[in-house]
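Peer 1: Show me the folded form of this:
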Amino acid sequence: MTTTTLAVLVPLLPFLGALAGLLLGRTAPGFVRPLAVLPTLASLALAATVAWRQGGGRAVDTATELTPTGSVPIELALHIDGFAALTAVLVTVVAGCVQIYSTGYLRDDPRYPSYAALVSLFTSAMLLVVYSGDLMVLLVGWEVMGICSYFLVGHYWETPEARAASLKAFLVTKLGDVPFLIGLFALATEAGSFRITRILGAVANGGIEHPTLIALLLLAGVAGKSAQFPLHTWLPDAMAGPTPVSALIHAATMVAAGVYFIARLLPLFEASQAAMTVLAVMAAVTMAGSALAALAQDDIKRVLAYSTIGQLGYMTSALAVADRGAAVFHLLSHGAFKALLFLAAGVIIHAAGTNSLAAMSRMGHLRDRVPDAYWTMTVALLALAAIPPFSGFFSKEAVLGVAEHVVTGHTEHAPAAAGWIVLLAGLVTALLTAAYAMRLWLLAFRGYGTEAPDHGRQPLAMTTVLWVLAVPSLALGGFAFRLLPDWFDGHDLTPTLTTSVLGTGVALVGGIITYATWRHTTAHAARVPLGAVAAHPEGDAGRVEAEAIATHEPAYGDIAYAPDPSDPGRLLLGPLHRHAAAGFHLDAVYTTLFVRPVRAGASLVRFLDREVVETYVRGAGTLPRWLGAAVRRAQTGNLQTYVSALLAGTVVLAVAAVLVATGA
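Peer 2: Here you go, the predicted model:
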């Protein structure tokens with residue numbers, strides 16, 4: 001079987017599995033789990049075969065025209081280079097793990113058949129994005145992922161949080177997709193094709209007249225899909241969906257699509273220094289802001305969500321300094337340890353038997369309760385914090401190393417300003433990442449929260465997956481940075497001494513400071529009685545927060561403040577804690593700038609429709625009705641009345657005629 005045929009089957013098998021699962025979900029429920037797991041595992045085997053055959057060498061490039069358009073043709077094209085081959089393996093590995101894990105996590109869920117089918121469709125759409133060589137076909141997968149995320153995030157649609165989160169995810173990503181679509185059409189118009197290879201050829205030959213405008217339009221779609229500032233606000237709220245869905249979205253689909261798209265078309269962005277600088281600033285703000293927000297969250301899944309936003313910022317920052325090899329390397333590394341983090345968090349939540357125990361302040365003494373989650377999550381957190389020799393160290397240092405090369409002038413593919421922005425923001429984020437990773441580990445496994453009831457051992461399908469993902473989280477980086485350059489345009493991914501020392505140093509400082517702060521707050525909490533909250537120096541807000549600490553209840557409305565008195569994030573952030581916990585109030589800004597004006601406009605339209613348009617319509621019907629009623633009253637059937645009216649009319653006409661004649 002040819003490589004092209006195998007590549008076509010990779011996205012096709014999950015799609016057929018999704019279709020069969022939807023059709024047989026109710027009539028033959030016994031087939032649901034095999035139809036969820038087996039097509040995805042078969043797709044994994046085929047993706048690995050395609051990657052082995054491609055071998056990082058010449059790209060597999062083939063196409064056939066779908067239908068004549070009369071202008072720019074749309075082709076069913078494949079373009080599989082080293083980036084695409086390895087990314088497809090990542091997608092199928094994570095999707096396979098999620099499907100196996102879900103058989104245990106959602107074994108009692110009555111909507112599991114539709115859930116499993118949507119996960120398969122989600123996987124198929126991402127694989128279509130990865131392998132597609134035509135931007136319009138890529139757009140199909142891009143949009144299918146959007147609608148799948150809407151249904152999966154809203155899986156628990158009985159809860160208002162899930163309904164609101166799914167709608168928010170859909171609308172915010174669509175907000176970015178509008179300029180993204182305009183940018184695609186503008187790019188195809190100037191290049192004369194939607195084919196990626198022809199577009200890159202046009203860029204190389206200077207055939208793109210407006211690279212800055214097109215790149216910025218495309219960046220809007222990337223910011224929405226990959227949850228980058230300022231369109232990142234949907235991702236933390238998307239935690240209302242099932243935890244395996246969060247693992248899939250954060251590790252291998254949806255948010256990875258935007259990073260992968262820029263990597264595909266990086267020469268287009270390199271053609272505009274302004275676009276590269278904007279990308280660097282967007283990445284820097286995303287990294288630092290999300291890390292601060294993660295340090296203030298109480299819900300373990302929201303911590304991981306903000307962590308994903310920050311790690312995606314590392315990937316986009318690598319692209320901002322024109323190194324797609326480092327970006328995709330971190331994409332692969334992050335996919336392994338982030339999937340592990342979410343699935344381990346799911347084991348913790350599943351052990352407690354309720355999603356309410358996602359609040360770290362209510363966790364405690366979990367090391368012996370969930371040993372598999374404890375050990376594997378520890379590995380994943382060390383990878384997240386980029387501690388050597390875990391995989392995150394090598395991929396993060398690849399990003400910082402290329403930023404150093406730009407700063408020192410060893411490469412001219414990106415502006416020096418972008419290099420400085422990426423390097424400084426990356427180091428600050430490394431410090432904060434280690435801090436919130438240490439905080440999560442301490443509160444989840446060594447905290448003093450309310451101990452949840454023990455629901456026994458977790459299903460083998462869930463715990464086995466954790467150990468499978470722990471292997472690449474631990475060992476992927478150690479050999480990947482030597483092997484991947486052959487797959488990634490030959491760019492060196494070896495960690496540099498300067499950034500390795502700086503990055504590891506600040507990470508250790510962040511972890512040590514957090515641990516010391518936790519020890520201090522723990523000792524202080526042991527000395528302060530829980531009821532001693534009456535006279536608080538910070539006024540009413542401080543008293544409310546202190547009372548929340550004492551009663552183990554969150555304060556400030558929907559903000560998930562950590563009631564655990566040993567939480568080091570509160571002391572580390574100080575006055576910034578409240579703002580960071582609320583995501584720096586960006587949702588409030590959007591509400592003021594967009595939601596309220598739209599609602600006001602809708603209210604005005606409703607008023608005009610009801611009070612003006614309907615009044616006119618009702619009036620248009622009322623006047624003839626009145627005239628008809630008047631005429632009807634005149635039709636009495638009395639002959640004397642008719643003769644009298646005739647004589648009166650004759651007299652009136654005669655008088656009028658005399659007046660007219662006299663006037664003449």
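
Peer 1: where along the stretch 251-400 of the chain do the helices fall?
Peer 2: Shown for the stretch 251-400 of the chain, the helices assigned by DSSP state H, counting those that start in this stretch span residues 255-264, 266-270, 273-294, 300-320, 324-352, 371-384, 391-407.

Peer 1: among those, which is nearest residue 578?
Peer 2: Across those, the minimum distance to residue 578, taken as Cβ to Cβ, is reached by helix 273-294, at 11.6 Å. Just so you know, the C-beta spots here come from the backbone N, C-alpha and C atoms, and that holds for glycine as well.

Peer 1: So for residue 604, which of the helices of the stretch 251-400 of the chain sits nearest?
Peer 2: helix 273-294 (34.6 Å).

Peer 1: Buried residues of that closest one, list them for me.
Peer 2: 275-294 (16 or more other Cβ atoms under 10 Å).

Peer 1: From the contact counts, what lies against that helix?
Peer 2: Using 3 or more Cβ pairs under 8 Å, 6 or more residues apart in numbering; DSSP states H and E as the contact test, the elements touching helix 273-294 are helix 211-225, helix 266-270, helix 300-320, helix 416-446, helix 576-581.

Peer 1: where does the stretch 501-650 of the chain have low pLDDT?
Peer 2: 524-566 (pLDDT under 70).

Peer 1: All the helices of it, residue numbers only.
Peer 2: 539-551, 568-573, 576-581, 586-590, 596-607, 614-634, 639-663.

Peer 1: could I get the ones you listed as TSV with distance to residue 268?
Peer 2: Formatted as TSV, the helices of the stretch 501-650 of the chain follow (distance: least, Cβ to Cβ, whole Å):
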stretch	distance to residue 268
helix 539-551	49
helix 568-573	39
helix 576-581	35
helix 586-590	29
helix 596-607	33
helix 614-634	51
helix 639-663	83
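
Peer 1: Quick one: list the elements packing against the helix or strand encompassing residue 100.
Peer 2: Using DSSP states H and E, residue 100 maps to helix 82-105. Judged by 3+ Cβ pairs under 8 Å, 6+ apart, the packing partners of helix 82-105 are helix 3-24, helix 32-54, helix 112-131, helix 243-251, helix 255-264, helix 324-352, helix 460-483.

Peer 1: try it again with 6 Å
Peer 2: helix 32-54, helix 112-131, helix 243-251, helix 324-352, helix 460-483 (3 or more Cβ pairs under 6 Å, 6 or more residues apart in numbering; DSSP states H and E).

Peer 1: Residue 412 in helix, strand or coil?
Peer 2: coil (DSSP: H, G, I helix; E, B strand; the rest coil).

Peer 1: And residue 76, by the same measure?
Peer 2: strand.

Peer 1: Local confidence estimate at it?
Peer 2: On the pLDDT scale, residue 76 is placed at 90.

Peer 1: Just confirm it contacts residue 67, I think it does.
Peer 2: No. Counting by Cβ atoms under 6 Å, residue 76 stays clear of residue 67, with 9.9 Å between them.

Peer 1: So residue 367 sits against residue 375, correct?
Peer 2: No. Contact criterion Cβ under 6 Å: residue 367 and residue 375 do not qualify, at 9.0 Å.

Peer 1: so which helix or strand takes in residue 181?
Peer 2: helix 160-191.

Peer 1: so where's the stretch 301-450 of the chain uncertain?
Peer 2: 352-358, 364, 447-450.

Peer 1: Tell me what angle the helix holding residue 100 forms with helix 243-251.
Peer 2: Relative orientation of helix 82-105 versus helix 243-251 (axes from the mean of the first three to the mean of the last three Cα atoms, to 10 degrees): 170 degrees.

Peer 1: buried stuff in helix 82-105?
Peer 2: Neighbour-count burial for helix 82-105 flags 82-105 (criterion: 16+ other Cβ under 10 Å).

Peer 1: where's the closest residue to residue 49 other than its chain neighbours relative to residue 48, distance?
Peer 2: The shortest distance from residue 49 to any non-neighbouring residue, by Cβ to Cβ, 6 or more residues apart in numbering, is to residue 6 (5.8 Å). Separation of residue 6 from residue 48 (Cβ to Cβ, to the nearest Å) stands at 10 Å.

Peer 1: cool, residue 597 as well?
Peer 2: Counting by Cβ to Cβ - residue 597 and residue 48 are separated by 51 Å.

Peer 1: who's more crowded, these two?
Peer 2: residue 48 (17 against 11; other Cβ atoms under 10 Å).

Peer 1: quick one: contacts for the closest residue to that one other than its chain neighbours?
Peer 2: Excluding its sequence neighbours, the residue lying closest to residue 48 (Cβ to Cβ, 6+ apart) is residue 89, at 5.7 Å. Applying Cβ atoms under 6 Å, 6 or more residues apart in numbering, we find residue 89 in contact with 47, 48, 51.

Peer 1: The spatially closest residue to residue 258 that is not a sequence neighbour: neighbour count?
Peer 2: Once flanking residues are discounted, residue 258 sits nearest to residue 226: 3.0 Å by Cβ to Cβ, 6+ apart. Using other Cβ under 10 Å, the number of residues around residue 226 comes to 28.

Peer 1: and residue 226, how far is that from residue 468?
Peer 2: In terms of Cβ to Cβ, residue 226 sits 26 Å off from residue 468.

Peer 1: before we move on, what about residue 446?
Peer 2: 26 Å.

Peer 1: Comparing these two, which shows the higher neighbour count?
Peer 2: Comparing residue 446 with residue 468 by neighbour count (other Cβ under 10 Å), the higher total belongs to residue 468, at 18 against 15.
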